[in-house]
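>>> My questions concern the predicted model and sequence given below.
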Amino acid sequence: MENISSALLEWFYKNHRILPFRTDPSPYHVWLSEIMLQQTRVSAALPYYERFLAALPDIPALAVCEEEKLHKLWEGLGYYSRVRNLQKAARIVCEQYGGQLPADYDALRALPGIGDYTAGAVASISFGIPVPAVDGNVLRVFSRLYNDPAAVTEPAVKKAFTARVMEHQPPDAPGDYNQALMELGALVCVPNGAPLCEKCPLAHLCAARAAGTALELPRKAAPKPRRLQPVTLALLESPAGFLLQQRPQKGLLAGLWQPVLWEGEALAAGEVLARLQAMGVDTGTAAPEALPAAKHIFSHIEWHMNGILLHVPAQDAPAGCVWASREALQAEYTLPGAFKAYRKLIV
């Protein structure tokens, strides 16, 4: 196949989206944007990106940010391990590199939360280092370009595709080339629905277009089934606000706040009241109201939630819990997206 870089770059310079981390592709900005965009669409992430940078304009500020503020800045993006690793990496960068990301792919790759793709994106876009940055968009483009039915989720296949990507990369414009491939996958060789081949600068080279197989590609290995787990919530309101419980510092939703709940158990209202009383909660005399059933999907587990809403007398919070007013819930405490279905009841 002839080299695709000239046609691709010409298209990119004329058609790319104007984005703040492209206008100012400093290492911190590119790094933050790539971490935010791992599980989030660009349009949804932009307000969070702007807000985060306004509060934490550089890596030293990120390194010393208080945990609750950090989580609040991330609230709505989900996958909170991303922002915890972001801060872990920032602290290492301050200790070892004077608060500036290193201009070295391997050193970037060694930081917490930075994988091959993110290290490649920062190294190529911010530092001009000729390395690959292969995400799902790039894999889709090359799967179709070469009409390759191999499962792109397999490590050996991704390695082979990455080698193809590098065959075409111009050493004098690695960052623009990598961004152009990502942009082509986002805007033209799209993930959902038919690719917009009439707008593609590589259409004349695309083997899948010629074969009529573009919609079948890329192929992915069948995902492992998620584990279904019942969860019972107790949404308690007192004159001081709602009772929040802090999750353990490790594991799912580590360190975040939630309503009192029991994972792996589908409890009846009477059982919930008994559990609360065992915690030392005065459940009062009001009748509990049933919460609507809700579902939340994590990468490996699926919560099926039910529970009760209960108004209780004023009292001290049990160990590991706090009473949070509606104002505090809006300004201070981070409520994970897993409880989105109940958010309107408490905020």
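Arrived safely. Numbering: from 1, shown residues only.
>>> Might one say that Val138 is in contact with Gln179?
No: Val138 lies out of contact with Gln179 (CB atoms under 8 Å); the separation is 10.3 Å. Glycine gets a C-beta too; all of them are placed from N, C-alpha and C.
>>> Neighbour count for those two, which is higher?
Val138 (25 against 22; other CB atoms under 10 Å).
>>> tell me the contacts of Ala90?
Residues near Ala90 by CB atoms under 8 Å, 6 or more residues apart in numbering: 59-60, 62-63.
>>> Which of the residues you listed fall in strands?
Assigned to strands by DSSP state E, none of the contacts of Ala90 qualify.
>>> Highest neighbour count among those?
So for these (other CB under 10 Å), the most neighbours sit at Leu62, 25 neighbours.
>>> Quick one: residues contacting that residue.
Contacts of Leu62 (CB under 8 Å, 6+ apart): 56, 70, 86-87, 90.
>>> hmm, back to that, how about the contacts of Ala90, which pair is most distant?
Farthest-apart pair in these is Pro60 and Leu62; separation 7.2 Å (CB to CB).
>>> could you say which helix or strand contains Ser46?
One thing to correct before we go on: residue 46 is Leu, not Ser. In the assignment (DSSP states H and E), Leu46 maps to helix 42-55.
>>> Can you point out the buried residues in that helix?
Buried residues in helix 42-55, counted by 16 or more other CB atoms under 10 Å: 45-46, 48-49, 52-53.
>>> how far away is Trp262 from Leu187?
45 Å (CB to CB, to the nearest Å).
>>> sorry, that was for Pro47
Pro47 is 21 Å from Leu187, by CB to CB.
>>> ok, now Ser143?
Distance from Ser143 to Leu187, by CB to CB: 17 Å.
>>> These two: who's more crowded?
Ranked by neighbour count (other CB under 10 Å), Ser143 and Leu187 place Ser143 first, with 26 against 16.
>>> List the residues that contact that one.
Counting by CB under 8 Å, 6+ apart, Ser143 has contacts 149-150, 152, 161, 208, 217-219.
>>> roughly how far is stretch 286-304 from the heart of the chain?
22 Å (CA atoms, centre = their mean, to the nearest Å).
>>> Please spell out which residues along that stretch are buried.
288, 291, 294, 296, 303.
>>> can I get the CA coordinates of that stretch in PDB?
Taking C-alpha atoms only, stretch 286-304 is exported to PDB below (Å, rounded to 0.1, in the frame of the first residue of the first chain):
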ATOM      1  CA  ALA A 286     -42.000   6.900  59.500                       C
ATOM      2  CA  ALA A 287     -42.900   4.200  57.000                       C
ATOM      3  CA  PRO A 288     -40.200   3.500  54.500                       C
ATOM      4  CA  GLU A 289     -40.900   4.200  50.800                       C
ATOM      5  CA  ALA A 290     -39.700   1.900  48.100                       C
ATOM      6  CA  LEU A 291     -37.000   3.300  45.800                       C
ATOM      7  CA  PRO A 292     -37.400   2.700  42.100                       C
ATOM      8  CA  ALA A 293     -35.300  -0.200  40.700                       C
ATOM      9  CA  ALA A 294     -32.200   0.900  38.900                       C
ATOM     10  CA  LYS A 295     -29.300  -0.600  37.100                       C
ATOM     11  CA  HIS A 296     -25.700   0.500  36.700                       C
ATOM     12  CA  ILE A 297     -23.100  -1.200  34.500                       C
ATOM     13  CA  PHE A 298     -19.400  -1.300  35.400                       C
ATOM     14  CA  SER A 299     -16.800  -2.800  33.100                       C
ATOM     15  CA  HIS A 300     -17.000  -6.200  34.800                       C
ATOM     16  CA  ILE A 301     -20.100  -6.100  37.000                       C
ATOM     17  CA  GLU A 302     -23.700  -5.000  36.800                       C
ATOM     18  CA  TRP A 303     -25.500  -3.700  39.800                       C
ATOM     19  CA  HIS A 304     -29.300  -4.200  40.100                       C
END
